[in-house]
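# The following block contains a protein sequence and its predicted model.
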Amino acid sequence: MTRILSMRALGWIGPWAAHYSGALRPYFDHEEEFVRLSAIEAVRGFSTMSASEGPSGEVGRHKKSLVRLMREDPSMEVRKMAEQVLDMKDWKVPHWMEVQKPAWRERVKRAIANRGKGTRKGKNSEGTLHKRYWEKLPR
């Protein structure tokens, strides 16, 4: 029971406990279903790692065990959990998207700042009184 609790604690700690994820390997082959589920949940907790650490952080380290559990385990719960963990993917913004500053961005920022009041000049503009210039103000 203490091993299960320690595995859950590693999963709760998340990426900072990734150095200890090698200790989970023997529990993927354990005879009890609950222990296997706890090991998979711990790996899911590690998967919040950055994309620079590889495919889904620690999932890449345990991929063979997770694939084997997904295909061969007698319990459907374990199979579904392993499939969910394998489907989790980190997405890193491509460099070309980080670099470019499109022109539409400035228009959107201006529109948000103006709260949709249109342009500052011209026939459709609204002044400080929120009336169009050709409408007469009430006296």
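Thanks, I have it.

# Which secondary structure elements does the strand or helix carrying Lys109 sit against?
Lys109 is part of helix 103-113, with elements assigned from DSSP states H and E. Packing partners of helix 103-113 (3 or more Cβ pairs under 8 Å, 6 or more residues apart in numbering; DSSP states H and E): none among the helices and strands. (C-beta placed from N, C-alpha, C; glycine too.)

# Could I get the average pLDDT for that helix?
The average pLDDT within helix 103-113 is 74.

# show me the contacts for Ile4.
Ile4 makes contacts with 34-35, 38, as judged by Cβ atoms under 8 Å, 6 or more residues apart in numbering.

# most neighbours, which of those?
Across the contacts of Ile4, the neighbour count under other Cβ atoms under 10 Å reaches its highest value at Ser38, namely 21 neighbours.

# and the one helix or strand it maps to, which residues are buried?
Assignment of secondary structure by DSSP H and E places Ser38 within helix 33-46. When neighbours are counted by 16 or more other Cβ atoms under 10 Å, the buried residues of helix 33-46 are found to be 35-46.

# so can I have CSV of those residues showing pLDDT and distance to Leu66?
Rendered in CSV, the data for those read as follows (pLDDT from 0 to 100; distance: Cβ to Cβ, whole Å):
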residue, pLDDT, distance to Leu66
Val35, 90, 15
Arg36, 91, 10
Leu37, 91, 12
Ser38, 88, 14
Ala39, 88, 10
Ile40, 88, 7
Glu41, 87, 12
Ala42, 86, 12
Val43, 85, 7
Arg44, 82, 10
Gly45, 79, 14
Phe46, 74, 12
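
# what's the distance between Gly11 and Leu24?
9 Å (Cβ to Cβ, to the nearest Å).

# between these two, what contacts are shared?
What both Gly11 and Leu24 touch, as defined by Cβ under 8 Å, 6+ apart, is the set 42-43.
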